[in-house]
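S.K.: My questions concern the predicted model and sequence given below.
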Amino acid sequence: MNKIGFVANMEKDPELIHTGELASWCIEHGCEVILTNSACKKIGIGTPVKHSEDIYTNSDFVVVLGGDGTILRVAKRAAISKTPILGINFGTLGYLADVEKDDAVTAIDKVLKGEYTIEKRMMLEAHIEKGGVSRESLLALNEVCVNNTDFSRMVTLGVEVNDEYINTVRADGVIISTPTGSTAYNLSAGGPILNPNTELMTITHICPHALYARPIVVSGDDTVRIRFSGDYSNARVTYDGQNGDRIKKGDTVVIRRSEYCCEIIKTTELSFYDILRRKMVEVNL
């Protein structure tokens, strides 16, 4: 029996109507559906788990109903459990999702029939060194960003790759991006687009006050250090735009490729460039 976990964005599917319909279809086709206890009570079916993390450890794959933000939140937990995820777009852009919500049943059916592939996406891990002492590393699928949350306040950041000094720039911040995240914040900041099958990182300054500060592409095996030399009260490092840790003068943010990777299920034959054209060009025409 296939065990399918479900994670839904409650803002996109507040009454879990779509989630319930898909879950019912899966149960009718001989699958066990794994949901949180509250979700099970709401839709009246499924196998409940006490903790949301148990969805990933108890499922063969997880269906994620929402936009890119929802998938990013799920990606970290799924990667640690080595559980593939199938994204169903309930948002706007939905670049990380495999299909739109109208094609959800077809996509799940293909997975059950074995008609799918899995893309392993590189992830980053980052930690802050404070006075030479390292804090716990956190995961990111898209990017790690160091910036100042105060409006219109630049920060002074020094960049090193493999302990080799690159530059020191005053800017709104700096983004260290994976190939998957290259079409997200990195793209908006003027960084390059990378094919998600590559194992590279981009270093992109946000609105740098320097003509020479241009995006740099480095190997996925490199270690990037961002040295924070200014004294700002609201400087932070964020992971996929979600978790945030405050950083102070003298702190160093260390970013490298994680041992974990995000496994994304693909049920369509659309190439990266097909998706890029549809999501980034055609939707803006």
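M.R.: It's in.

S.K.: what about Ser182, which SS state?
M.R.: Per DSSP: H, G, I helix; E, B strand; the rest coil, the secondary structure class of Ser182 is helix.

S.K.: Quick check: buried residues in stretch 263-280?
M.R.: Glu263, Ile264, Ile265, Lys266, Thr267, Ile275, Lys279 (16 or more other C-beta atoms under 10 Å). Placement of C-beta: from N, CA and C, glycine included.

S.K.: beta partners of Leu200?
M.R.: Ser219 (DSSP bridges).

S.K.: got a list of what it touches?
M.R.: Shown in contact with Leu200 (C-beta atoms under 8 Å, 6 or more residues apart in numbering): Pro179, Leu194, Val217, Val218, Ser219, Gly220.

S.K.: for Thr204, same thing?
M.R.: Per C-beta under 8 Å, 6+ apart, neighbours of Thr204: Val174, Ile175, Ser177, Asn186, Ala189, Gly190, Gly191, Pro215, Ile216.

S.K.: again, 7 Å this time
M.R.: By C-beta atoms under 7 Å, 6 or more residues apart in numbering, Thr204 lies in contact with Val174, Ile175, Ser177, Asn186, Ala189, Gly190, Gly191, Pro215.

S.K.: Ser38 looks like it's in a strand, true?
M.R.: No: counting by three-state DSSP, Ser38 is not part of a strand but helix.

S.K.: and it, how many neighbours?
M.R.: Residues lying near Ser38 (other C-beta atoms under 10 Å) number 11.

S.K.: List the contacts of the lengthiest helix in the chain.
M.R.: Secondary structure assigned by DSSP state H gives helix 68-81 as the longest helix of the chain. Helix 68-81 has contacts (C-beta under 7 Å, 6+ apart) with 7, 9, 53, 56-57, 62, 64, 85, 87, 91, 93-97, 123, 139, 141-142, 240, 242, 260-262.

S.K.: could you point out which element follows that helix?
M.R.: strand 85-89 (DSSP states H and E).

S.K.: Could you tell me the average pLDDT over that next one, please?
M.R.: For strand 85-89, the mean per-residue pLDDT is 96.

S.K.: Output it as CSV, nothing but the C-alphas.
M.R.: The C-alpha trace of strand 85-89 is given here as CSV (Å, rounded to 0.1, in the frame of the first residue of the first chain):
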residue,chain,number,x,y,z
ILE,A,85,7.5,15.8,-2.7
LEU,A,86,4.9,16.4,-5.4
GLY,A,87,4.0,20.1,-5.6
ILE,A,88,0.5,21.2,-6.7
ASN,A,89,0.3,24.9,-7.4
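
S.K.: and the angle from it to helix 68-81?
M.R.: For strand 85-89 against helix 68-81, the angle by axes from the mean of the first three to the mean of the last three C-alpha atoms, to 10 degrees is 170 degrees.

S.K.: Now do the helices in this protein.
M.R.: Under DSSP H, the chain gives helices at 17-28, 37-43, 54-58, 68-81, 104-112, 185-188, 272-280.

S.K.: Spatially nearest residue to Asn58 (excluding sequence neighbours)?
M.R.: Leaving out its chain neighbours, the residue that sits closest to Asn58 by C-beta to C-beta, 6 or more residues apart in numbering is Ile34, at 5.3 Å.

S.K.: so who does that neighbour touch?
M.R.: Lys3, Ile4, Gly5, Gly46, Thr47, Val49, Ile55, Asn58, Ser59.

S.K.: ok, the first one touching Ser59?
M.R.: Looking back up the chat, that one is Lys3. Yes: contact criterion C-beta atoms under 7 Å: Lys3 and Ser59 qualify, at 5.0 Å.

S.K.: Give the residue spans of the stretch 101-250 of the chain that score low on pLDDT.
M.R.: 132-133, 150-152 (pLDDT under 70).

S.K.: and Val237, how far is that from Thr92?
M.R.: Val237 sits 27 Å away from Thr92, going by C-beta to C-beta, to the nearest Å.

S.K.: higher neighbour count, those two?
M.R.: Set Val237 next to Thr92 and count neighbours by other C-beta under 10 Å: Val237 wins out with 25 against 10.

S.K.: so the more buried one bridges to which residues?
M.R.: Here Val237, judged by DSSP bridges, has bridge partners Val146, Asp245.

S.K.: so how far is Arg277 from it?
M.R.: 33 Å.

S.K.: Ala75 now?
M.R.: 24 Å.
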